[in-house]
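Visitor: sequence and computational prediction follow.
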Amino acid sequence: MKVAIVLAAGGSSRMGRPKPLLPWGERTLVEAQVRGLQPHVDRVVVVVGAGEEAVRRVLPRSALVVTAPDWERTGPSDSARLGLAAVPEARVALVTPVDVVPAPASWLLPLLCAGGTAVPVSPEGRRGHPILLAGDALARLRSSDPLPEGLRTLLNGAREVPVPSPLVAEDFDTPGAYEAIRRAALGPDALEVLVDAEHGHASYTWRPGLSERDLAAWFRGVDATDGATDRWMAVDLVGTIRPVPPAELDAFRAAWIGGTRWTAHVHTVDDSWLRAPDGRELRPWLADEVQVEALRRRRQAVEDVWEAAVGVETPDELEEILARCPLPLERWLDVDLSWHRLGVGVGRVLGEARALRAVQRLDLSGNGVGPDDARALVDSPHFGASWLTFHDGLEQEVVAILARAPSVTRIDLGKAGVVHTR
């Protein structure tokens, strides 16, 4: 189970007003944190302290709220422990303070695919938030062990995940820092992206606040006809990529002033339009709804491939089916390939398939997995499963090979018992 923990118990003394209730777009900051995390985890926990009642009033009902009774005398690591204790079944935890830029999907997905404890890193090499805790780090947070450097203690040896934005490492303790970071993250615009997944439409609503400079936006692939050229209308508010024809700009200005919605029909929701032609990152937190829908469709496509793979009878069939899989962006699947008797080569086929990136638990009972298959699995860049099952047992050599994989925490050998590797 994946849980996200938002640390919102502090007194905000330097800010002069409660940080969780600071405006962020059309929501409060704590709301934006919860809404951004919800699509990627099973539960969001918010740890509150100062101004508890006011914070509770703005939170969605789906959030689990935990009170830190000694918030004045405790720190973030104590709040994180309280939040984790509220969800004892959690196996992975995203932890973020409230006073940072709410992480968009493009920051969260690489973290969740890291295969263990991880921390995002800015282009300048600075560590940021949220952090991802799993395995030993999560166990230590659950325990009463002292954390001399707070949550940083848990990040020794953590995988560093590059994020193409300096904002991932920023936080704000003062009004000046908050205003600067809010402007950098949200800009002077107020772009609202609405996705109608059922009918495949996206609407962009512009509200007053856009400067004349930012009206010099660019439009990519807008085409009223049905066909392969249909694209989302992408707007770059970071800077002009190409000159906009005057007629196009005038039409846009008129529509903006009149509050008209620009709507483009789409056949396939994906996130390709979030990148400018020169590769610069746009502002993905303005379009998380699009990324979430893209992720849902991608998840379904990956699940369909693995469902088809369950019926295979030979390694060649398995290889052919897995080749159809789009690149998974998460690791969540329990895959049962038991008693297919695929024999020698199953490890190579699985190891070469990017579909393996989606697999959290894998049952290969009855497939005759040998040392070469085991090596092909653990040496694969796609392998990151934490739980392996072989109800027919394994040779000790094979167990030793599989146990060396950093992601593997449990190998179930049926009647021969369970090997806990870490």
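Guide: Perfect, thanks for sending it. This is a predicted model, so every value here is computed, not measured.
Visitor: hey, let's count contacts and neighbours off CA atoms from now on
Guide: Will do.
Visitor: any stretches of the stretch 151-300 of the chain with poor pLDDT?
Guide: Across the stretch 151-300 of the chain, the ranges flagged by pLDDT under 70 are 186-295.
Visitor: again, only this time at 50
Guide: Within the stretch 151-300 of the chain, the ranges that satisfy pLDDT under 50 run 188-245, 248-249, 252-290.
Visitor: can you map out the helices along the stretch 101-250 of the chain?
Guide: With DSSP state H, counting those that start in this stretch, the ranges of helices along the stretch 101-250 of the chain come out as 105-112, 135-142, 175-186, 212-215, 246-258.
Visitor: buried ones in the first one?
Guide: Spelled out, that is helix 105-112. Across helix 105-112, burial judged by 16 or more other C-alpha atoms under 10 Å covers Ala105, Ser106, Trp107, Leu108, Pro110, Leu111, Leu112.
Visitor: so what's Arg183 up against?
Guide: When contacts are counted by C-alpha atoms under 8 Å, 6 or more residues apart in numbering, Arg183 touches no other residue.
Visitor: how near is it to Leu413?
Guide: Distance of Arg183 to Leu413, given as C-alpha to C-alpha, to the nearest Å: 55 Å.
Visitor: what's the answer for Pro97, then?
Guide: When C-alpha to C-alpha is the yardstick, Pro97 and Leu413 sit 41 Å from each other.
Visitor: now do Arg43
Guide: 31 Å.
Visitor: equivalent analysis for Ala309, please.
Guide: Distance from Ala309 to Leu413, by C-alpha to C-alpha: 23 Å.
Visitor: over to Pro326?
Guide: Distance of Pro326 to Leu413, given as C-alpha to C-alpha: 31 Å.
Visitor: which of those two has more neighbours?
Guide: Using other C-alpha atoms under 10 Å, the more surrounded residue of Pro326 and Leu413 is Leu413, with 18 against 14.
Visitor: next, the contact list for that one, please.
Guide: Counting by C-alpha under 8 Å, 6+ apart, Leu413 touches Thr389, Phe390, His391, Asp392, Gly393, Leu394, Val419.
Visitor: do the same with Asp336
Guide: Per C-alpha under 8 Å, 6+ apart, neighbours of Asp336: Val310, Leu362, Asp363, Leu364.
Visitor: just the buried members of those?
Guide: If we count by 16+ other C-alpha under 10 Å, the contacts of Asp336 have these buried: Leu362, Asp363, Leu364.
Visitor: between those residues, which is nearest Val92?
Guide: For those, the closest approach to Val92 (C-alpha to C-alpha) belongs to Leu362, at 18.1 Å.
Visitor: surely that closest one is in a helix?
Guide: No. Leu362 is assigned strand when assessed by DSSP: H, G, I helix; E, B strand; the rest coil, not a helix.
Visitor: does it touch Trp332 like I think?
Guide: No. Applying C-alpha atoms under 8 Å, one finds Leu362 not in contact with Trp332, separated by 11.0 Å.
Visitor: and Ala8, what does it touch?
Guide: With contact taken as C-alpha under 8 Å, 6+ apart, Ala8 is in contact with Lys19, Pro20, Val30, Val46, Val47, Val48, Gly49, Pro97, Val98.
Visitor: phi, psi for it please.
Guide: Ala8 adopts backbone torsions of phi -130, psi 40, taken as degrees, to the nearest 10.
Visitor: now it: how far from Arg17?
Guide: With the distance defined as C-alpha to C-alpha, Ala8 ends up 13 Å from Arg17.
Visitor: and for Leu327?
Guide: Spatial separation of Leu327 from Arg17 under the definition C-alpha to C-alpha is 44 Å.
Visitor: separation between the nearest residue to His420 once chain neighbours are set aside and Pro110?
Guide: In space, His420 comes closest to Arg410 once its chain neighbours are excluded; the distance is 4.6 Å by C-alpha to C-alpha, 6 or more residues apart in numbering. For Arg410, the distance to Pro110 (C-alpha to C-alpha) stands at 24 Å.
Visitor: same check, this time on Ala90
Guide: Taken as C-alpha to C-alpha, the spacing of Ala90 relative to Pro110 amounts to 19 Å.
Visitor: Val44 too?
Guide: When distance is defined by C-alpha to C-alpha, Val44 is 19 Å away from Pro110.
Visitor: before we move on, what about Phe172?
Guide: The span separating Phe172 from Pro110 equals 24 Å under the rule C-alpha to C-alpha.
Visitor: and Val312, by the same measure?
Guide: Per C-alpha to C-alpha, Val312 is found 31 Å from Pro110.
Visitor: Ala403 now?
Guide: Using C-alpha to C-alpha, one obtains 24 Å as the distance from Ala403 to Pro110.
Visitor: cool, Glu397 as well?
Guide: When Glu397 is compared with Pro110 (using C-alpha to C-alpha), they lie 33 Å apart.
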